[in-house]
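A.B. asks: no sequence for this one, just the structure:
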């Protein structure tokens, strides 16, 4: 078995493990992020296995897939309160940059180019795993769904603690606003 197959098998095991964990235990953002990772990875891998010319840097179909993944993580970053989609978006931007710069520097060996792309894929999976692990096991529905969307019903949002709320605490007459 050559090292390329071993690297590919390792990546697929990590991809399926992290995405499966995010799909089972994560909230809505983690499940969407897992689907983005799975879809982008398997579309790219399928094209590269079907025809080896898709391994070339800046192949337009691969750039479109990478751009779609970047847009997906950007959308996730601006619509949720999670930290990890911002990092995944940054890694996706770096992936596109590596893809495009690879075409401008034609003497880069293919293995080095593909390894550079793989590093950003592992980093995106790493932040997805961290995001899934940071979600409390019994999180409220508001937190599980991401929290920044106005469509969530009021009763699922966290309520302020009246004991610590300055507007609810009674103040002496001398401190009252006139």
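C.D. replies: It's in. Here the structure is a predicted model, which is why all the values come from computation and not from measurement. Residues are numbered from 1 along each chain as shown.

A.B. asks: report the longest helix in the protein, please.
C.D. replies: helix 110-134 (DSSP state H).

A.B. asks: for whatever helix or strand comes next after it, what is the average pLDDT?
C.D. replies: Per DSSP states H and E, the first helix or strand lying C-terminal to helix 110-134 is helix 141-144. Averaged across helix 141-144, pLDDT comes to 80.

A.B. asks: and helix 141-144, what other elements does it pack with?
C.D. replies: Applying 3 or more CB pairs under 8 Å, 6 or more residues apart in numbering; DSSP states H and E, one finds that helix 141-144 contacts no other helix or strand. Any C-beta I mention is one placed from the backbone N, CA and C, and that applies to glycine too.

A.B. asks: Tell me, how many residues neighbour residue 87?
C.D. replies: By other CB atoms under 10 Å, 19 other residues sit near residue 87.

A.B. asks: Give me the distance between it and residue 33.
C.D. replies: 11 Å (CB to CB, to the nearest Å).

A.B. asks: ok, back up a step: so which bits of the longest helix of the chain are buried?
C.D. replies: 113-114, 116-117, 120-121, 123-129, 131-132 (16 or more other CB atoms under 10 Å).

A.B. asks: if we look at it, which residues are touching it?
C.D. replies: 7, 11, 14-15, 18-19, 21-22, 25-26, 29-30, 33-34, 37, 41, 55, 57, 73, 82-85, 87-88, 91-92, 94-95, 98-99, 102 (CB atoms under 8 Å, 6 or more residues apart in numbering).

A.B. asks: Give me the buried subset of the residues you listed.
C.D. replies: 11, 15, 18-19, 21-22, 26, 29-30, 33-34, 37, 41, 57, 73, 82, 84-85, 87-88, 91-92, 94-95, 98-99, 102.

A.B. asks: Show only the entries of those residues found in helices.
C.D. replies: Counting by DSSP H, the buried ones among the contacts of helix 110-134 contribute 11, 15, 18-19, 21-22, 29-30, 33-34, 37, 41, 73, 84-85, 87-88, 91-92, 94-95, 98-99, 102 to helices.

A.B. asks: Need the pLDDT of residue 47.
C.D. replies: At residue 47, pLDDT is 91.

A.B. asks: Identify the residues contacting it.
C.D. replies: Here residue 47 is in contact with 54, 61, 62, 65 (criterion: CB under 8 Å, 6+ apart).
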